[in-house]
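1. sharing a model that was predicted from the sequence below.
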2 protein chains.
Amino acid sequence: MSDAIEFWFDFSSPYGYLAAQRIDEIGAKHGRAVDWRPFLLGIVFKTTGMGPLPHIPLKGDYTRHDLPRAARRLGVPLKVPSPFPFLSVNASRAVYWLADQDKAKANALAKALFDAAWGEGRDISGASAVADIAAAQGLDRDAVIAAVKDPAVKDRLRKEVDHALAAGVFGSPFMRVDGEPFWGHDRLDEIDQWLASGGW
Amino acid sequence: MSDAIEFWFDFSSPYGYLAAQRIDEIGAKHGRAVDWRPFLLGIVFKTTGMGPLPHIPLKGDYTRHDLPRAARRLGVPLKVPSPFPFLSVNASRAVYWLADQDKAKANALAKALFDAAWGEGRDISGASAVADIAAAQGLDRDAVIAAVKDPAVKDRLRKEVDHALAAGVFGSPFMRVDGEPFWGHDRLDEIDQWLASGGW
C-alpha cells in the first residue's frame, strides 16, 4: 500500500468535520490509508495572523450560510456546538494517546469526536466529555481522563502542532498526499482526481 | 433567460483569473449570462481585516504552490506579473465604463485584461497599459484614457465596490447565482451542479 493520506484538522473546525465524512472513502478508493492528525488551529493562527472564521466580517456570514448548505449537499447532520470555537486540546491529546496503541481505533475515536461535536452539537472540550465518547467506543474511561493530563501526551500534541507548522499546515482541513498539499474540504474531489490520474 | 451569474473579481487576483477561464462556459451550459463585475479587494480588506494571499505566512507558500498546479489542471498559462499585488483601479474603471455602452464588449475586455496580467504576466496597472489592451479589442485608445480619469467613472467604480460589500463579497473570485453566494474558483464545479440540480 502507498503512503497514507495525511488528514490534518482541528476538532473545532466545521469544515474539518465535513471532510471527515468523506476522507476514508476517498482513501479506500485509491488503496490509501488515512492518517488522522488533529492539531491546534489557535497555535497556527499565531503564526499566520489569521483568526477563526466566524469572527471575520463578511466571511463569517458566508460561512454561516455555506456550512449548512455544504452539509445538505453531503447529506450529513450539522449542529453548531456552543461554545464555538471550542478548545480541542483534550480531544486531540486523546487521539494521539490512542494512536500510539491502535491507529485504527484512534481514527475511529477522532471520527466519533467530530460527529459528537458537529453532528450532535455536543460540547467536547472537557476531558470528561472526551472520555464519555471514548467509553462509547469501548475504551476505558479513566485511562482517557489520565491520558489527557499526562505530560508525555501533552508533549506529544505540542510536537504534532510543530509538525503541522513545519509541513505548512495553516488551515483545517488540510490534506497531504505524497507531500502534495491541499487545503479545504472543497478540495476533496481534486484529491480524488489527483490520486486517480497520478497528478498534473 | 434566467438571471445572470454575478462574477465578482479583482484583476489582481490570480484565482479570479482562473475562474475567468471557465465561468462563461458554465453559464452557457445552463443558459445563464455572466455579469463580470470587477471590484477592489484592497477596500474590502479594510472591512474584513484580511490581506493579500502572498503576504500571509504559510498560506502564501501554499498559494505559490497551488496556483501553478491549478493552472496546469485547467491547461491555461500562468505568469505572475510584477508588481503583484497590483493596482487594478484603472482596469476596473475601464470595464464599467464600457459596460454602460456594450456589456458583451466589457466582458471581453475584462477577459483580455485578465489574460494579459496573468496569462502573459504584463503590468496592467497603468491607464496606458489598459488602453493598449482595449485598443487591441478594437476600442478607441484615447477614449479609454479619458474614461479612467472621468470623475463619473471613478464614482461608478466606488459604487460597485460598495455594492460588493453590501452583497457580502469578501474575496476574489466570488460568484452569486440567484443571490446564492459561492467563494473561490474551486467552487465552480459546485455552481455547475447547483445550476443543474436546482440547488440543495
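-> Okay, I see it.

2. check contacts around the nearest residue to A:Phe11 once chain neighbours are set aside.
-> Leaving aside its sequence neighbours, A:Phe11 sits nearest to A:Ser88 (C-beta to C-beta, 6 or more residues apart in numbering or on different chains; 3.8 Å). The C-beta positions use only the backbone N, C-alpha and C, and glycine is treated the same way. Applying C-beta atoms under 8 Å, 6 or more residues apart in numbering or on different chains, one finds that A:Ser88 lies in contact with A:Asp10, A:Phe11, A:Ser12, A:Pro38, A:Leu40, A:Ile124, A:Ser125.

3. up against chain B, what does chain A have?
-> Residues of chain A lying close to chain B by C-beta under 8 Å from any C-beta of the partner chain are A:44, A:47-50, A:56-59, A:61-62, A:65-66, A:69, A:72-73, A:165, A:168-171, A:181, A:183-184, A:186-187, A:189-190, A:200.

4. out of those, which are buried?
-> Neighbour counting over these (16 or more other C-beta atoms under 10 Å in any protein chain shown) leaves A:44, A:48, A:50, A:56, A:58-59, A:62, A:66, A:69, A:165, A:168-171, A:181, A:183-184, A:186-187, A:190 as the buried ones.

5. ok, now how distant is A:Ala196 from A:His30?
-> Distance, A:Ala196 to A:His30, by C-beta to C-beta, to the nearest Å: 7 Å.

6. with neighbour numbers in mind, choose between the two.
-> A:His30 (15 against 10; other C-beta atoms under 10 Å in any protein chain shown).

7. any idea how far the more buried one is from B:Asn90?
-> Counting by C-beta to C-beta, the gap from A:His30 to B:Asn90 is 47 Å.

8. which of the three states applies to the residue of chain A most remote from its centre?
-> What lies farthest from the middle of chain A is A:Trp200; by C-alpha atoms, centre = their mean that is 27.0 Å. In three-state terms, and counting by DSSP: H, G, I helix; E, B strand; the rest coil, A:Trp200 is coil.

9. check whether it really touches B:Ala70, as I assumed.
-> No - using C-beta atoms under 8 Å, A:Trp200 makes no contact with B:Ala70, being 9.5 Å away.

10. could you pull out the helices for chain A?
-> Secondary structure of chain A (DSSP state H): helices located at A:14-20, A:23-29, A:41-48, A:59-74, A:89-99, A:103-114, A:127-136, A:141-149, A:151-166, A:188-197.

11. could you dump those helices into TSV and include distance to B:Gly138 and mean pLDDT?
-> Shown next, in TSV, are those (distance: least, C-beta to C-beta, whole Å; pLDDT from 0 to 100):
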stretch	distance to B:Gly138	mean pLDDT
helix A:14-20	45	98
helix A:23-29	48	98
helix A:41-48	45	90
helix A:59-74	38	95
helix A:89-99	60	98
helix A:103-114	56	97
helix A:127-136	66	98
helix A:141-149	69	98
helix A:151-166	52	97
helix A:188-197	38	96
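
12. closest one to B:Val177 among those helices?
-> helix A:59-74 (12.0 Å; C-beta to C-beta).

13. what are the contacting residues of the closest one?
-> Helix A:59-74 is contacted by residues A:14-15, A:18, A:21-22, A:53-54, A:77-78, A:80, A:185, B:48, B:50, B:168, B:170-171, B:181, B:183, B:190, B:200 when judged by C-beta under 8 Å, 6+ apart.

14. again, only using 6 Å
-> Residues outside helix A:59-74 that contact it (C-beta atoms under 6 Å, 6 or more residues apart in numbering or on different chains) are A:Pro14, A:Leu18, A:Gln21, A:Leu53, A:Pro54, A:Leu78, B:Gly168, B:Phe170, B:Pro181, B:Trp200.

15. what is the nearest of those residues to B:Trp118?
-> Compare each of the contacts of helix A:59-74 with B:Trp118 using C-beta to C-beta and the shortest gap goes to B:Phe170, at 21.0 Å.

16. quick check: phi and psi on the nearest residue to the closest one once chain neighbours are set aside?
-> Leaving aside its sequence neighbours, B:Phe170 sits nearest to A:Leu58 (C-beta to C-beta, 6+ apart; 3.8 Å). Backbone geometry at A:Leu58, expressed as degrees, to the nearest 10, gives phi 70, psi -50.

17. need the max-distance pair from the contacts of A:Ser88.
-> Greatest spacing in the contacts of A:Ser88, by C-beta to C-beta: A:Leu40 and A:Ile124 (14.3 Å).

18. neighbour count: these two, which is higher?
-> Neighbours per residue (other C-beta under 10 Å) separate A:Leu40 from A:Ile124, with A:Ile124 holding more: 26 against 21.

19. I'm done for today, thanks for sticking with me.
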